[in-house]
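Peer 1: Turn this into a model:
(chains A and B)
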Amino acid sequence: MTTAQFPTLAESGLSPEAAELVTGPDEHPIHPEHTPTGQLAFGVFFQGVNSSTIWRLPSSGDQVAWESFETLIRTAERGKFAAFFLGEGLRLREHRGVPFELDVAGRPDAQTLLAALAAVTKDIGLVATQNTTYNDPVDLARRLQTLDLLSAGRAGWNIVTTDNAWTGENFRRGGYLDHADRYTHAEAFVQVAEQYWRGEQVAHDGAHYSVRAQGDLPRSAQGRPVLFQAGASPAGQDFAARTADVIFSPHGSLAAAVEFRRSIVERTVAAGRDPGSVKILPGAEIVLAPTEAEAEEKIRWVRDLQIGPEQAIALLEQYWGRDLSEFDPEGPLPDVPPEVVESGVTRGSGFQFAKAEELTRQWREEAAQKGQSILEFARAKSGSRRGAFTGSYDAVADRLVEFARLGAIDGLNITPWLIPSGLDDIVDHLIPRLQERGVYPTEYAGSTLRENLGLPPV
Amino acid sequence: MSTTAPTFESTRAGAAPGTSPTGDAGAGVLPVLAVDLVTAPPLLDGLAPLARGLEEAGIGALTLSDGGLHPIHVAAHLAPLTRGLGLLPRTDAVYVEPFHLATQLMSLDHISHGRAGWLLQAETDPSAAAAVGRDLLGLEATAREAADVLVAARRVWDSWAPDAVVRDTERGVYVDASRLQYADVEAETFSVRGPAITPRSPQGLLPVLVADTDRGAVGERASTELVDGRVLDLDVSGGARAEQLAARIASARDEGATGSASTVVRLVRLVGLDLEADPLGTARELAAELRARDLVSGTSAPGRTLRELLGLPEAPFDLDPARRADRARLTREESA
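Peer 2: Here you go, the predicted model:
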């Protein structure tokens, strides 16, 4: 697909920020080997735990109830979303050795839930986050292929490689895998799965285990499940460029997204693949309102509800490794040294195992420079990790059109901040504007996830 | 013994679903009539109408035996397509990750609003071991492991109190860690720390049963001491005559009346139902005939859990002080 149906980039009145990023002709505006499709696909990233989901409002639904998932996925399908994407964490998050109490915790098994959701949906893709370290490859491949067959070709797998021994305490092999080996191991794991999906004989002898199996299920309508990967770090990007169909690490700004696209195109070409065969759908939060001023007010309200004073203190305690309850959340960051060498007590969250001494010093300086309190700092940190799009319906639509026209992204993987009504304003107000602007589908392109993401056939 | 007449009219009184099945009290509860479906890929053609049709025909539960497609996934898929059917995947307890298996089954319970059960099986096929990179266990080791995995699964299911999610906006607390407990399972070949990554499911503890054909491999401990009752398998592949089946049921119920709770027939399973030859007609006829003889319970009712259907009491929740999930905080507070 080309951008022929659109006015040229010059005619379309790009913002100065976008115009500055253009380095080539309309067919290849940001990289000579990348042709934008000019189209966006949306996924909904139901995280299910962590601070992104607000649980304090009367409209906050039950986080486990079937009805919450069914309502949300029906809304997404009404909005022609390409994918419904579930997170996973294989150990309950803990804070200072105790299950973390302040955020939403606990969710159903991703694939079991998706197998059920396949029965009440027709077009939307069903993507499960599944770990390569604490699953058996043949078992996982069989489960994913079952999901793909139950849904007639709508399954996807978000490949994650969490390897810490703390999570391993729930599994037979424990913390068997070195952090440095996680991608090598994951790649071998994915190869086993692909052999199984092709109906081949699997004979894998790795450093940690040997498996033998015979793939014996029919191929699904899309050939095999679509592979997703976060692909943030350089090693992760390389892994994704070699293996994945879709990358979803967050990039809120257009410049960052363009830079990321260039990086992925380079790596995909280096891996011998067509750059169009790897789609980028960054994780994002979308906060919308009729006007810019209302949207500004709304994002502050959302952040306040996501990160309360208790959560802000708890966030810092992870890195300080000590009780900080004596500090005022409205005051400056604690001026005491951390008690741990490495951070990472609230497991399952970002920044694990950062060097605590260095990180806490950097944070104190950063907050002091910006004049931020503990609360403001914690809210800003959690928000920037998520790649937020905030503004009026029209402003966000216009901004996304630029992302699409430059080919910076192929869509977004949207984390709703409220369950189950968190997609309503996106579907009712943003998507119609994107459709009017010609960058979002009015009908599903096909019946498989692969087709609806615009991926080439397997 | 082999009479077709209802034998246990007298003991049925006072044994309403929900009462304790200890001793022979549970013997009065009529078993649930189940149909076994084998999860071979062709099953997917017409699966929804088949499941709905069986439910309308008076079948109370489906068991899903492994024919290629993962039985837990197929059971989950059927949950929103059916209303009151019990859904019991028949899956291996040995060559699996106990934590994953427990999570998947309790998730099925959430999705089905409390209609999930587990027909525990122990693989003896070398290919099952090879697929996960393990050596095939001997008979005794298989039985020990199957029992250990069942105990571990129950520990995981039981790791959140029913009221653990407090949503206390005043204190900013979503979940109360003092209402969670670790699984702290240290078995011979595996360990599981817990707590579950899924809140307590509607039934808390899913009913666990072992099919007749699997008892040998599963072993004595899991199939008699640990299970919630007995399954009677009736092979109907060569055609089914209600009279013969009725005699088998009556006789099995007779045996179960004198034994422990685990010998009470909770599920009568029709195995080998021919899906090519009017399965709904056969099911309807058998269900009607067996119900008329008062040998199996009435139609499943939406809103009832599988435990209720099977006549099992509500699962209790007990917090084990040694496994409290907030023990690290308690220790800190004590030392302060």
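Peer 1: Please name the nearest non-neighbouring residue to the residue most central in space within chain A.
Peer 2: Taking Cα atoms, centre = their mean as the criterion, residue A:283 is the residue nearest the geometric centre of chain A, at 4.1 Å. Take residue A:283 and drop its neighbours on the chain: the residue closest to it by Cβ to Cβ, 6 or more residues apart in numbering or on different chains is residue A:250, 4.1 Å away. (C-beta placed from N, C-alpha, C; glycine too.)
Peer 1: which regions of chain A lie under the pLDDT threshold?
Peer 2: Counting by pLDDT under 70, chain A shows low-confidence ranges at A:1-6, A:341-354, A:383-386.
Peer 1: what pLDDT does residue B:24 get?
Peer 2: With respect to pLDDT, residue B:24 has a value of 41.
Peer 1: Spell out, range by range, the helices that occur in the stretch 201-336 of chain B.
Peer 2: For the stretch 201-336 of chain B, the helices defined by DSSP state H, counting those that start in this stretch cover B:215-218, B:220, B:242-258, B:279-292, B:306-310, B:327-335.
Peer 1: May I ask which helix or strand encompasses the nearest residue to residue A:424 once chain neighbours are set aside?
Peer 2: Nearest non-adjacent residue to residue A:424, counting by Cβ to Cβ, 6+ apart: residue A:75, 6.3 Å away. Using DSSP states H and E, residue A:75 sits within helix A:66-78.
Peer 1: mind exporting that helix as CSV, just the C-alpha atoms?
Peer 2: Taking Å, rounded to 0.1, in the frame of the first residue of the first chain, the C-alpha atoms of helix A:66-78 are listed here in CSV:
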residue,chain,number,x,y,z
TRP,A,66,-15.9,-12.0,33.3
GLU,A,67,-18.4,-9.2,32.7
SER,A,68,-15.6,-6.6,32.9
PHE,A,69,-13.6,-8.3,30.2
GLU,A,70,-16.6,-9.0,28.0
THR,A,71,-17.7,-5.4,28.2
LEU,A,72,-14.3,-4.0,27.4
ILE,A,73,-13.6,-6.4,24.4
ARG,A,74,-17.0,-5.7,22.9
THR,A,75,-16.3,-2.0,23.0
ALA,A,76,-12.9,-2.6,21.4
GLU,A,77,-14.5,-4.7,18.7
ARG,A,78,-17.1,-1.9,18.1
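Peer 1: can you list the residues of the stretch 151-300 of chain B near chain A?
Peer 2: By the rule Cβ under 8 Å from any Cβ of the partner chain, the part of the stretch 151-300 of chain B lying against chain A is B:160, B:165, B:167, B:169, B:171-177, B:180, B:189-199.
Peer 1: rerun at 6 Å
Peer 2: Applying Cβ under 6 Å from any Cβ of the partner chain, we find that the stretch 151-300 of chain B lies next to chain A at B:169, B:172-175, B:177, B:180, B:190, B:192-193, B:195, B:197-199.
Peer 1: re earlier: list the residues that contact the residue nearest to the centre of chain A.
Peer 2: Contact analysis of residue A:283 by Cβ atoms under 6 Å, 6 or more residues apart in numbering or on different chains lists A:45, A:248, A:250, A:387, A:413.
Peer 1: Most widely separated two among the residues you listed?
Peer 2: Maximum pairwise distance in those, criterion Cβ to Cβ, is 10.8 Å, between A:45 and A:387.
Peer 1: Between those two, which is the more surrounded one?
Peer 2: Higher neighbour count among residue A:45 and residue A:387: residue A:45, with 26 against 23, using other Cβ atoms under 10 Å in any protein chain shown.
Peer 1: quick one: secondary structure of the more buried one?
Peer 2: strand (DSSP: H, G, I helix; E, B strand; the rest coil).
Peer 1: isn't it right up against residue A:86?
Peer 2: No. Using Cβ atoms under 6 Å, residue A:45 is not in contact with residue A:86, being 8.3 Å away.
Peer 1: Quick check: the gap between the closest residue to residue A:452 other than its chain neighbours and residue A:449.
Peer 2: Leaving aside its sequence neighbours, residue A:452 sits nearest to residue A:82 (Cβ to Cβ, 6+ apart; 4.3 Å). Between residue A:82 and residue A:449 the computed distance is 7 Å (Cβ to Cβ, to the nearest Å).
Peer 1: So for the two, which residues contact both of them?
Peer 2: With contacts defined as Cβ under 6 Å, 6+ apart, the residues shared by residue A:82 and residue A:449 are residue A:125.
Peer 1: and stretch A:125-136 with chain B, contact?
Peer 2: Yes. Judged by Cβ under 6 Å from any Cβ, stretch A:125-136 comes into contact with chain B at residue A:136.
Peer 1: Span of that stretch from start to end?
Peer 2: In stretch A:125-136, first residue to last residue: 24 Å (Cα to Cα, to the nearest Å).
Peer 1: Mind listing residues that contact it?
Peer 2: A:82-88, A:90, A:110-111, A:114, A:118, A:140, A:151, A:154-158, A:160-163, A:171, A:177, A:186, A:189, A:228, A:449, B:132.
Peer 1: contacting residues for residue B:213?
Peer 2: Residue B:213 touches residue B:233, counting by Cβ under 6 Å, 6+ apart.
Peer 1: Let's verify the nearest residue to residue A:251 once chain neighbours are set aside: helix, strand, or coil?
Peer 2: Residue nearest to residue A:251 in three dimensions, not counting chain neighbours: residue A:257, with 4.2 Å by Cβ to Cβ, 6+ apart. The local conformation at residue A:257, judged by three-state DSSP, is helix.
Peer 1: Number of residues surrounding residue A:257?
Peer 2: By other Cβ under 10 Å, neighbour count at residue A:257 equals 23.
Peer 1: Against chain B, how distant is it?
Peer 2: Residue A:257 is 32 Å from chain B, where distance means Cβ to the nearest Cβ, to the nearest Å.
Peer 1: In this structure that residue contacts residue A:250, no?
Peer 2: No. Taking Cβ under 6 Å as the definition, residue A:257 is not a contact partner of residue A:250, at 9.4 Å.
Peer 1: rewinding a little: count of residues packed around the residue nearest to residue A:283?
Peer 2: As a burial measure, residue A:250 scores 22 neighbours (other Cβ under 10 Å).
Peer 1: Report the secondary structure state of it.
Peer 2: Three-state assignment for residue A:250 (three-state DSSP): coil.
Peer 1: ok, so what distance separates it from chain B?
Peer 2: Plainly put, residue A:250 is 23 Å away from chain B if you go by Cβ to the nearest Cβ.
Peer 1: Tell me if I'm right that that residue and residue A:280 touch.
Peer 2: No. The criterion here is Cβ under 6 Å, and residue A:250 misses it with residue A:280 at 10.8 Å.
Peer 1: Centroid-nearest residue for chain B?
Peer 2: Most central in chain B (Cα atoms, centre = their mean) works out to residue B:117, at 2.5 Å.
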